[in-house]
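Trainee: just coords:
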Ligand SMILES: [Zn+2]
């Protein structure tokens, strides 16, 4: 194989040979693809970065998913030498290398515009991408459909459940990172990085910033979703080894999940601690202050704080003196000790992994599934597929719907103890439908017919309104319409 890029090969750009300079392509995330430096990488297989209709985007997404899957499969089955012989032309250009990296499901980060040094970097990046793919978990050959999931749930008694924001969205709690989520709202407040709100140092310097916006993420009290109840059901049936949640809303506790069975990996609003004397109170105690956008002060430290404030001889009193901080894990803060104490043992102990409502992008929770023994089946329940993991079975759809479908199939002893369960199943129990998305990859979609009909009606309504608006504009242009055009 000869690789040329039509120039000399002096290199000053620092390409690391490890995979830290690679990012996983999310084939669902068109923003990532549009922002990525793909302009000089023409390929029939690679995802396009040009503006296209939604349909084309969808087709491209499916196409790129399949390309990535096929390319990875070939590499894992045939090894590096056969892979390079098969996928690269005898005289490979840097375009060929970049396309192959993309077809393995990665995008180089901060790639400079094409020049002489690029080809060496690309060779290293391709090497890193191939290494990462070869280390990826292989799916279990006899665990690939919903029946396999049901049988395993019946047999298992140490299920490790990983949860994320998706299990609370049905209650109207927004995902932090989604387009309508918390961080996007903060951008309007002028913070250069919305995550600064959770910066420990900033909290100590000026706790008022956190307290001015914390009301936006204050969890509702005493409610939980059918999915939370599904986890409680696993607990009641002695099948739950542990629920590792990335959520800070503490809704698991309202569902009745026992503290021993729950690891709130990023802390939660369950308690708040004084930053000065470590006095701890139940989270609900500081909720009124949060709702009023006022700083919550420690009852033990407050009189001292006020005295010190009055005392002119005290030249410096930290802004955070005697301030209560919710026990959510801030950036710059270690994960709760409970997480580290449990995870090592649980990784070796569990007999089934179910990951629910999380895109598994934030370490170290995201790393859990990579660290369990390869023989342990892994099931995904999520609205969208996750390309950077290799789940045995992926059940796509709304988490509440998917869990309800599984429990319906498991039988009447598995009724989810939640008031919404029966309405999700429908009066005659036929409200949920299973669509096969990709039988080879074990991907299924659980469709709620009621939700689907509502969404279709909503789309039809919007289309009709648009058509009406266009028609009225045309009429207006032709001078035959009313003088006043309604503008929404
Ligand atoms: Zn205190």
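Mentor: Structure received. In this text the structure is predicted, and so the values were computed from the model without any measurement.

Trainee: what about the residue of the stretch 101-250 of the chain found nearest the ion, how many residues nearby?
Mentor: In the stretch 101-250 of the chain, no residue comes nearer to the ion than residue 207, which is 13.1 Å away by CB to the ion. Every residue, glycine included, has its C-beta placed from N, CA and C. Applying other CB atoms under 10 Å, we find 22 residues neighbouring residue 207.

Trainee: state the pLDDT value of it.
Mentor: Here, the pLDDT recorded for residue 207 equals 93.

Trainee: which residues does residue 298 contact?
Mentor: The contact partners of residue 298, by CB atoms under 8 Å, 6 or more residues apart in numbering, come to 274, 276, 277, 279, 322, 323, 324.

Trainee: now do 6 Å
Mentor: For residue 298, the contacting residues are 274, 279, 322, 324, by CB atoms under 6 Å, 6 or more residues apart in numbering.

Trainee: name the nearest residue to it, sequence neighbours excluded.
Mentor: Nearest residue to residue 298 in three dimensions, chain neighbours excluded: residue 274, at 3.6 Å (CB to CB, 6 or more residues apart in numbering).

Trainee: specify the beta-bridge partners of that neighbour.
Mentor: For residue 274, the beta-bridge partners under DSSP bridges are residue 324.

Trainee: that older thread, in the contacts of residue 298, find the pair that's most separated.
Mentor: Based on CB to CB, the longest span within those runs between 279 and 322 and measures 9.3 Å.

Trainee: specify the beta-bridge partners of residue 379.
Mentor: On the basis of DSSP bridges, residue 379 is bridged to residue 354, residue 393.

Trainee: and it, how far is that from the ion?
Mentor: 45 Å (CB to the ion, to the nearest Å).

Trainee: just to revisit the earlier point, among the contacts of residue 298, which one has the most neighbours?
Mentor: Highest neighbour count within the contacts of residue 298: residue 324, with 28 neighbours (other CB under 10 Å).

Trainee: if I read this right, that residue contacts residue 272, doesn't it?
Mentor: Yes - taking contacts as CB atoms under 6 Å, residue 324 lies within contact range of residue 272: 4.5 Å.

Trainee: which residues do the two both contact?
Mentor: Shared contacts of residue 324 and residue 272, defined by CB under 6 Å, 6+ apart, comprise residue 286.

Trainee: and the protein, which of its residues are near the ion?
Mentor: With CB under 5 Å from the ion as the criterion, the chain comes near the ion at residues 274, 276, 277, 279, 298, 300, 301.

Trainee: any chance you could map the strands in the stretch 1-150 of the chain?
Mentor: Assigned by DSSP state E, counting those that start in this stretch, the stretch 1-150 of the chain shows strands spanning 2-3, 22-24, 91-92, 106-108.

Trainee: which residue is nearest the middle of this protein?
Mentor: For the chain, the residue nearest the mean C-alpha position is residue 359 (2.6 Å; CA atoms, centre = their mean).

Trainee: confidence score at that residue?
Mentor: At residue 359, the model reports a pLDDT of 90.

Trainee: so which strand or helix has it?
Mentor: Counting by DSSP states H and E, no helix or strand carries residue 359.

Trainee: by mean pLDDT, which helix or strand of the chain comes out lowest?
Mentor: The weakest-scoring helix or strand in the chain, judged by mean pLDDT, DSSP states H and E, is helix 30-35 (a mean of 30).

Trainee: the helices in the stretch 301-450 of the chain, which residues?
Mentor: Ranges of helices in the stretch 301-450 of the chain, per DSSP state H, counting those that start in this stretch, are 302-310, 337-349, 368-371, 399-410, 421-425, 449-477.
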